[in-house]
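In: Predicted model and sequence follow; I will ask about them next.
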Amino acid sequence: MAQTASICVIIAAKNAADTIETAVRSALREPEVAEVVVVDDGSSDGTAEAARRADDATGRLRIERFEKNRGPSAARNHAISVSTAPLIAILDADDFFFEGRFRRMLAEDDWEFVADNIAFVTADTVEQAPQRLEQFAASPLFLDLTSFVDGNISKRGVRRGEIGFLKPIMRRAFLDQHRLRYREEMRLGEDYDLYIRALAQGARYKVIHSCGYGAVVRGNSLSGSHRTEDLRRLYEADRALLASVKLKPEAADAVRRHERHVRGKYELRRFLDIKAEQGAGAAIGYVAAHPLAFPAIAGGILMDKTEGLRNPGGVSVTAQGDGLRYLLTNPAK
């Protein structure tokens, strides 16, 4: 594929004045980027002004603003609607691209979605991250719906590595052909939902191991917290796909597994919400009225109670070593 300026980078931002300048600069640095669209999603700080400080005077930066917060899905959909580049890439407002990312991703054109590896760094190691970055061989693979969904289900004893976190380049023509946009009512798993709907429509989802995306892990990250209602909408998205598309049996089974997995988390959160708001008696009454929820609630409480035994030091994987880890493991090791 020719290395022309063909990518629109979309950044949905809320109260990101401290980080968005780095994000925008990293996007504008890439010669394949034709547009950078920042949507200030009802910020109360100087997010828009900070984004403008990164403008390189090439005319590629566009800043839009919502007066009231509408969520990342609405912000991204708006950015898609006001942009024209044939390829779309998502960048979170507190993350950044490593230099040369898109050159490697665009080396071939046998995909509708193409993603690369992600390096997770802590906020105090962002500047050192490029020097510490490992050089991974491309080692391309293609995800089907089953492998993608299963890669988003947490497994006991296995380090969390949800491939829904991948940030692919997407072909606008494919999204338009199948009328695919983010569900604006979703504030959790909106990426996962878009990708499973695309895979259900036959999208070729290619993943290369070379690393070009830096995800900054912050204790107060909005992406690290969610409401109980957000979990309900996520498992309902699985149900909507099963009801609207005839999937192959193994793919349908995977979506059902994910639906049960997320619904279990929802039931536990719902139980704890009721206990906190109305007391233990009301929470027990909820279980009595919803007996099918009991296994998920009991299992979740047990997992929480034994967390200290499984992780006695209480050290997050993102804080170990030099603060740099990867979503995809190196197949050569």
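Out: Here it is on my side, so go on.
In: how many neighbours does the closest residue to residue 54 other than its chain neighbours have?
Out: Closest residue to residue 54 apart from its sequence neighbours, by CB to CB, 6 or more residues apart in numbering: residue 24 at 3.7 Å. (Each C-beta comes from the backbone N, C-alpha and C, glycine too.) For residue 24, the count of nearby residues is 28 (other CB atoms under 10 Å).
In: Relative to residue 39, how far out is residue 24?
Out: Counting by CB to CB, to the nearest Å, the gap between residue 24 and residue 39 amounts to 12 Å.
In: And the helices in the protein?
Out: Listed in chain order, the helices of the chain (DSSP state H) span residues 20-28, 47-52, 72-82, 101-105, 129-132, 145-150, 172-177, 190-200, 228-244, 249-278, 280-289, 294-305, 307-310.
In: Contact partners for the residue nearest to residue 54?
Out: By CB atoms under 8 Å, 6 or more residues apart in numbering, the contact set of residue 24 is 11, 36, 38, 51, 54-55, 61.
In: So which of those is the closest to residue 147?
Out: residue 11 (28.7 Å; CB to CB).
In: now the closest one, which residues is it bridged with?
Out: Listed by DSSP bridges, the beta-bridge partners for residue 11 are residue 38.
In: Do I have it right that residue 9 meets residue 93?
Out: No - the pair residue 9 and residue 93 does not pass the contact test of CB atoms under 8 Å, sitting 11.5 Å apart.
In: The nearest residue to residue 274 once chain neighbours are set aside - how many residues pack around it?
Out: In this structure, residue 274 finds its nearest non-sequential neighbour in residue 283, 4.6 Å apart by CB to CB, 6+ apart. Using other CB under 10 Å, residue 283 is surrounded by 19 other residues.
In: and the gap between residue 283 and residue 235?
Out: Distance from residue 283 to residue 235, by CB to CB: 21 Å.
In: got the buried residues for stretch 16-30?
Out: Buried residues in stretch 16-30, counted by 16 or more other CB atoms under 10 Å: 16-17, 19-30.
In: State the pair within the residues you listed that is farthest apart.
Out: 17 and 30, at 22.8 Å, using CB to CB across these.
In: Please report how far residue 170 lies from residue 54.
Out: Residue 170 is 23 Å from residue 54, by CB to CB.
In: Which one's more surrounded, those two?
Out: residue 170 (27 against 19).
In: Show the pLDDT at the more buried one.
Out: pLDDT for residue 170: 98.
In: could you list every residue that touches the closest residue to it other than its chain neighbours?
Out: Of all residues not flanking residue 170 in the chain, residue 88 sits nearest, at 4.7 Å (CB to CB, 6+ apart). Going by CB under 8 Å, 6+ apart, residue 88 touches 7-8, 10, 80, 169-172, 175.
In: Could you tell me how many residues sit around the residue nearest to residue 194 when sequence neighbours are not counted?
Out: Distance criterion CB to CB, 6+ apart; nearest residue to residue 194, sequence neighbours excluded, is residue 182 at 5.6 Å. Neighbourhood size, residue 182 [other CB under 10 Å]: 20.
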